[in-house]
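Asks: Let me see the structure of the following:
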Amino acid sequence: MKIGVSGASGHLGRATVAEFVQRSGGHEVVGISRTPETITAPAQQRFGDYNQPESLAEAYAGLDRLLIIPSLDAGKRGAQNVAAIDAAVKAGVKHIVFMSAAGARQAEGPVLGTPYWWGEQRLIATAPAWTILRMNFYAESFAQQAQMSLAQGVLAGLAENRVAFVARGDVAAAAAGILIGDGHAGATYNATGPERLSGGERAALVAEIAGRPLAFLVITEEQLRAGLTQASLPEQVVNTVISIQTSFAEGAFDILTGDVERLGGWPPKPLRDVLAATLKSPSA
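Replies: Purely as a prediction, here's the structure:
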């Protein structure tokens, strides 16, 4: 069987390709990227650019199964998702797996989950066989936020909320488990961490690990936008951060499942472990 990973040069793509190589069981692994030279052997290299749909049908040709990982370009992500799925169907891929996100839904305006919802709907309507893997918020992304928040001593949010942060490697393991396994057609899975942590709980966890005080503070959207703008962040970045925090407040990532262990073969990593690898207290 020939298995492809589209978006293979990103953090998740590289981790997933590495999982396939370890678990391949004789399957061929094909990495597809706009920078295919970054894909390492034994995975095969193919050029494919989400912004050049004509390149995708050729890149996906001959694949039995394909994982489509959306890009980081929030402004173009919805159209890219649809174009990639259309190209995979045209290329005759037998089973398409789409990497979606918790909270994917139909909505107006710059809502974090809407581009993923477009991809899901196109997939369900057109693919001969499909599987959706919705990932929770990356633990690694929160670790970066925690590092910045420590400087101010405050972790801000639009509301008290709970998130089941998931490590990137655990998402990769779950994706690999789907693509080399059977019985997943027509299923929607949620890759989550092992616990739902509130804003106060994760602030306390960061403070404990870093050995520095950190409080959780609920602020308004106007206050958040003003603070981000004063930090000279681009408008698109400001909108993305606000969309993420709105999703947190609405409970989009407040979901806990056993899908990572079921699909990937091991329990998901706690947020504590990811933070411990990133944050170091002065006495450590």
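
Asks: what stretches of the stretch 1-150 of the chain score poorly on pLDDT?
Replies: 24, 108-111 (pLDDT under 70).

Asks: burial count for Gln230?
Replies: 8 (other C-beta atoms under 10 Å). For every residue, glycine as well, the C-beta is placed using N, CA and C.

Asks: per-residue confidence for it?
Replies: We have a pLDDT of 86 for Gln230.

Asks: ok, now how distant is it from Leu224?
Replies: Gln230 sits 11 Å away from Leu224, going by C-beta to C-beta, to the nearest Å.

Asks: next one: Ile209
Replies: 25 Å.

Asks: Those two - which one has more neighbours?
Replies: The neighbour count for Ile209 versus Leu224, taken as other C-beta under 10 Å, is higher for Ile209 (21 against 18).

Asks: my guess is that one contacts Ala277, does it?
Replies: No. If you go by C-beta atoms under 8 Å, Ile209 and Ala277 don't touch, sitting 9.8 Å apart.

Asks: which stretches of the chain form strands?
Replies: For the chain, the strands defined by DSSP state E cover 2-6, 28-33, 44-47, 65-68, 95-101, 130-135, 154-157, 162-163, 187-191, 197-198, 215-218.

Asks: Adding distance to Ser247 and mean neighbour count, write those strands out as TSV.
Replies: Shown next, in TSV, are the strands of the chain (distance: least, C-beta to C-beta, whole Å; neighbours: other C-beta atoms under 10 Å):
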stretch	distance to Ser247	mean neighbour count
strand 2-6	25	27
strand 28-33	28	25
strand 44-47	33	17
strand 65-68	21	26
strand 95-101	9	26
strand 130-135	12	24
strand 154-157	11	18
strand 162-163	9	22
strand 187-191	14	20
strand 197-198	15	18
strand 215-218	16	16
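
Asks: Turn these into CSV, columns for distance to Leu271.
Replies: Formatted as CSV, the strands of the chain follow (distance: least, C-beta to C-beta, whole Å):
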stretch, distance to Leu271
strand 2-6, 26
strand 28-33, 29
strand 44-47, 34
strand 65-68, 25
strand 95-101, 18
strand 130-135, 15
strand 154-157, 13
strand 162-163, 9
strand 187-191, 14
strand 197-198, 6
strand 215-218, 14
